[in-house]
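Peer 1: Quick one, what's the 3D model for this:
(one chain, ligands or ions: 2)
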Amino acid sequence: MQEQIHKLPKVELHSHLEGTIKPALAQEIAQRNDVSLDSNLFHSNGGYAWSDFPSFLTAYDNVSSCLRLGKDYGDITYEYLKDCAKENVVYAETFISPDHAAECGISYDEMISGIASGIEDAERDFGIVGRIIVTCVRHLGPEQGLNVVQTMVDNPHPYVVGFGMGGDENAYTLEEFADIYNIAKKAGYECTVHAGEICGPESVWDAINYLPISRIGHGVNSIKDNELMNELVQRNIHLEICPGSNLSLSIFPDWDSHPLPSIMNKAVSISLNSDDPPFFNTTVGQEYYDSAKHFNLDIDELKRISVMAMKASFANSKIKSRLIEEIQKFQS
Ligand code: ADE
Ligand code: ZN
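Peer 2: Numbering: from 1, shown residues only. Ligands and ions are numbered 1, 2, ... in the order given. The predicted structure follows:
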């Protein structure tokens, strides 16, 4: 079964590019840019040090602070996609944060062209298709979000396929971001938003009632509201589920308490994702292995998850149908 899972074509829809930087790469990039990273960032075990959601967000900001150039973005994109390709990920969408780039003095154009080079190099070397979802940071507020969406819409790039938002779910209300999301949607970008991770089902209701979204980042707390689960099915809203991240951040105490099997039983469309791999000691491949083991999923169910993910991706129809066919052709 391990071998079969390894070979299965996989799809990642939910990772944060700045959160994919491994400690060694962060140190290498910091060194060449003459940046000193916060000494509290690293744990004695070699990983990143954080203890709860707020300190995770701070550690994430600290890691991002090593970046200075478009090339740095190119390198982190290439390394992330290379790791994905090793696990037979055929398509990966990654969230990028222009606010984090701006903090480092990197312009939107420089960030995007660096990432685009990383995507092209990775596709040439490994065959993996990478795409970009531009995100704003919720706790920086709607005014900053408006800057981000306007910059995205004014500077279109073929690899930028969607708009989203991460950050602290407790900050502001989703209603306050409605105009921002409508700008993205009107300009032709598909949308997703983090909700139902830290907060309860009401945050997912707000997401589907106020924002033009077709996917929710996490959304796992939707399970507490049966009516909401039915609504997600009816509206064909996809949940980007990140079990390892949820356990690391203590959203659920253990695998037995994680609602993924119940969510699948309700016929909600889902994918398996890494979120911020080195922070949560995971990868998308690891999420497939762990889900098979703890949720008793067989290879056909994992294959169905890859298909659901590809269908919910923001790729154009040509890439979508080619990769869905590739996944469906996989013989276990
Ligand atoms: N930014 C990076 N990872 C995140 C997460 N899991 N939730 C919210 N914002 C994030
Ligand atoms: Zn996330």
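Peer 1: who's the residue of the stretch 51-200 of the chain found nearest ligand 1 bridged to?
Peer 2: Nearest residue of the stretch 51-200 of the chain to ligand 1 (CB to the nearest ligand atom) works out as Gly166 at 3.2 Å. From N, CA and C alone the C-beta is placed, and that goes for glycine too. Under the criterion DSSP bridges, Gly166 forms beta bridges with Val137.
Peer 1: Give me the neighbour count for it.
Peer 2: Using other CB atoms under 10 Å as the criterion, Gly166 is surrounded by 25 other residues.
Peer 1: what does Ser306 give?
Peer 2: 26.
Peer 1: related to what we said a few turns ago, check contacts around the residue of the stretch 51-200 of the chain closest to ligand 1.
Peer 2: Contact analysis of Gly166 by CB atoms under 8 Å, 6 or more residues apart in numbering lists 16, 95, 97, 135, 137-138, 194, 217.
Peer 1: Please report how far it lies from His194.
Peer 2: 5 Å (CB to CB, to the nearest Å).
Peer 1: Save the contacts of Gly166 as CSV, and put in neighbour count too.
Peer 2: As requested, the contacts of Gly166 are arranged in CSV below (neighbours: other CB atoms under 10 Å):
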residue, neighbour count
His16, 25
Phe95, 26
Ser97, 26
Thr135, 29
Val137, 20
Arg138, 24
His194, 26
Gly217, 28
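Peer 1: mind putting these in CSV, distance to ligand 1 included?
Peer 2: Below are these laid out as CSV (distance: CB to the nearest ligand atom, whole Å):
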residue, distance to ligand 1
His16, 4
Phe95, 8
Ser97, 8
Thr135, 8
Val137, 8
Arg138, 8
His194, 5
Gly217, 7
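Peer 1: Quick check: strands, which of those are part of them?
Peer 2: Among the contacts of Gly166, the members found in strands (DSSP state E) are 95, 135, 137, 194, 217.
Peer 1: Now the two most distant members of those.
Peer 2: Val137 and Gly217 (13.0 Å; CB to CB).
Peer 1: in stretch 80-95, what counts as buried?
Peer 2: By neighbour count on 16 or more other CB atoms under 10 Å, the buried set for stretch 80-95 is 80-81, 83-85, 87-95.
Peer 1: pLDDT of that stretch, averaged?
Peer 2: Stretch 80-95 comes out with an average pLDDT of 98.
Peer 1: all strands for the chain, in order.
Peer 2: All strands of the chain, identified by DSSP E, fall at 10-12, 89-96, 129-137, 160-166, 190-195, 215-218, 238-241, 270-272.
Peer 1: Any idea how far the last one is from the middle of the chain?
Peer 2: From the chain centre to the centre of strand 270-272 is a distance of 11 Å (CA atoms, centre = their mean, to the nearest Å).
Peer 1: partner strands of it, parallel or antiparallel?
Peer 2: Counting by DSSP bridges, strand 270-272 is paired with strand 238-241 (parallel).
Peer 1: Write down the beta-bridge partners of the closest residue in space to Ala207 that isn't next to it in sequence, one by one.
Peer 2: Computed as CB to CB, 6 or more residues apart in numbering, the closest residue to Ala207 that is not its neighbour in sequence is Ala195, at 4.2 Å. When bridges are called by DSSP bridges, Ala195 pairs up with His218.
Peer 1: Renumber starting at 334 from here on
Peer 2: Sure, I'll start counting at 334 from here, so that last one is Ala528.
Peer 1: Pull up the gap between Ala528 and Met444, please.
Peer 2: Remark: distance between Ala528 and Met444 (CB to CB) = 26 Å.
Peer 1: buried sites along stretch 498-514?
Peer 2: 498-502, 505, 507, 510-511, 513-514.
Peer 1: gap between the two ends of that stretch?
Peer 2: Terminal residues of stretch 498-514 are spaced 10 Å apart (CA to CA, to the nearest Å).
Peer 1: What count of nearby residues applies to the residue lying closest to His571 once chain neighbours are set aside?
Peer 2: In space, and not counting its chain neighbours, His571 is closest to Ala645: 3.7 Å by CB to CB, 6+ apart. The number of residues packed near Ala645 is 24, by other CB under 10 Å.
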